[in-house]
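1. okay, sequence plus prediction incoming.
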Amino acid sequence: MSTTADQLREYLVGLPVVSVHEHHREDDAYRDLTLEGLFLRSYVGWAYPGHQHIADREGFLDHVRFNSYFVWLQKGLQHVYGCPTITPQNWDAVSEQITTAHNASPTWHIDLMPRYGLYRRAIQDSFWNVGSDVGHPQFFSPTFRINAFVMCHHPGMADHNGTSLARFDLPWSSFTEFLHAMKAIIQRARAEGAVALKSALAYDRDLAFGPAKYDDAARAFGKRPDEVDTATQRAYQNFMFHTCCEIAAELKLPFQNHTGLGLIGGSNPMNLEPAIRRHAETTFVLFHGGYPWVHEIAGLAHNYPNVLPDLTWLPLISPTAAVGAIHEWVETAQTARGICWGGDAFSGEESVGAALALKHVLATALARKVDEGYFGMEDAETLARMICSENAERVYGLASPR
Ligand SMILES: [Zn+2]
């Protein structure tokens, strides 16, 4: 007799997904891709010391075997290529399958996502080329990364990714004109297809964006970092973050915020509470379940209608935490209609693994809700469709062919 989880798994297998966050590179980046290259450009690389080169394959597999990033990337590879559990002995054969597939078609990295992961559409965060859809507008809608605008008060500065404002035509002689120009750039990005703003500032600084006045920020504007003290730089960042919140509200763009992990000392999503309260018209999407602070995300979504709790990356970080988040957010958020998900991957194979992880955690969490009598099977299936694709399509206004 099949269990509720089996029934839900069967239902979920056929559901399309829409990802609200990916980091795919341009087609050229995948030529000659090897298994080692795939590991090193995935989150698995983060778990491996040195992570420039895998000299000792046995040692590498031994090191990462039980890490969730590895588990889901391997499941993705098995799903796409039908390969066995990876061992030092079959490594080269698996690697050759990957290289052959990518070299046979430069768009394989995208093509495999709908084919094996049932991806219908995705939001792309090209932090190295802000606002780009990496040449695939039919599949990717860009999000607009605001880090450099918040962190850089001088054209010679860069954010944690090395992104500067040099590529934008900005008037560095007047702060007022600079702010107008920034808004015009975001307006243009929206007209060209951008569907959200994105902050990854949790990798640059803490998320406690205190109140800041124009005059305080203007003292840092145009100055080199060695010409202004830390407090003035911080005031500039705070002012620019609040300006981004205002632009997001005015242009009706959901504001995606990395919360949790990153610079973990300051990434607790509760740090954002004053900004969330102050900018009631701004939709704050709180990414990654705020991991490890998934309860804090639940509390914020309980209190504030402008908070959308978001599962992006969380099933890859910890399926256990993702199951808990789904339970708690469905119960506490003012509406489950805002809960979205993204794979947050750098390759098609990792995206496929991320979609498998999402469906695994949904089946596990929703089955328990049904078995406990919290709701019935029909509600579980409705929620599964919402979280896999329908919420993302509505929140970001994504039109997808059906
Ligand atoms: Zn990301």
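-> Looks like it arrived, so ask away.
2. got the residue ranges for the strands in the stretch 101-250 of the chain?
-> In the stretch 101-250 of the chain, the strands defined using DSSP state E, counting those that start in this stretch lie at 119-124, 140-145, 196-199.
3. flag the shaky bits of the stretch 251-400 of the chain, pLDDT-wise.
-> 400 (pLDDT under 70).
4. regarding Lys45, what is its secondary structure?
-> To be clear, residue 45 is Gly; Lys isn't right here. Under DSSP: H, G, I helix; E, B strand; the rest coil, Gly45 falls in the helix class.
5. wouldn't it be in contact with Leu38 here?
-> No: using Cβ atoms under 8 Å, Gly45 is not in contact with Leu38, being 9.4 Å away. Where you see a C-beta, it was placed from the backbone N, CA and C, and this is true even at glycine.
6. so which of the two has more stuff around it?
-> Higher neighbour count among Gly45 and Leu38: Leu38, with 25 against 19, using other Cβ atoms under 10 Å.
7. who's in contact with the strand or helix carrying the more buried one?
-> Using DSSP states H and E, Leu38 sits in helix 35-40. Outside helix 35-40, the residues that touch it by Cβ atoms under 8 Å, 6 or more residues apart in numbering are 45, 48, 51-54, 60, 73, 77, 86, 91, 94-95, 98, 347, 349-350.
8. again with stretch 54-71
-> Against stretch 54-71 from outside (Cβ under 8 Å, 6+ apart): 36, 39-40, 42-44, 46-49, 86-88, 91, 316-319, 357.
9. repeat for stretch 376-388
-> Under the contact criterion Cβ under 8 Å, 6+ apart, stretch 376-388 has outside partners 4, 7-8, 11-12, 15-18, 311, 326, 330, 336-337, 339-341, 358-359, 362, 366-367, 369-370.
10. can you give me the helices for the stretch 1-150 of the chain?
-> 4-13, 35-40, 57-64, 68-81, 91-104, 108-117, 147-151 (DSSP state H, counting those that start in this stretch).
11. out of those, which one sits most buried?
-> Most buried of these by mean neighbour count (mean count of other Cβ atoms under 10 Å) is helix 147-151; its value is a mean of 24.
12. for the record, mean pLDDT for that one?
-> Taken as a whole, helix 147-151 carries a mean pLDDT of 98.
13. the stretch 251-400 of the chain: strands as residue ranges?
-> 255-258, 284-287, 307-309.
14. make CSV out of those strands and add mean neighbour count and distance to Phe168.
-> Shown next, in CSV, are these (neighbours: other Cβ atoms under 10 Å; distance: least, Cβ to Cβ, whole Å):
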stretch, mean neighbour count, distance to Phe168
strand 255-258, 28, 20
strand 284-287, 27, 24
strand 307-309, 28, 28
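15. turn the ones you listed into TSV, including distance to Ala399.
-> Converted to TSV, the strands of the stretch 251-400 of the chain look like this (distance: least, Cβ to Cβ, whole Å):
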stretch	distance to Ala399
strand 255-258	19
strand 284-287	19
strand 307-309	20
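16. buried by neighbour count, from the contacts of stretch 54-71: which ones?
-> For these, a burial check counting by 16 or more other Cβ atoms under 10 Å picks out 36, 39-40, 42-44, 47-48, 86, 91, 316-319, 357.
17. and the helices of the stretch 1-150 of the chain: which comes nearest Asn129?
-> The minimum distance between Asn129 and the helices of the stretch 1-150 of the chain falls on helix 147-151, with 11.8 Å, by Cβ to Cβ.
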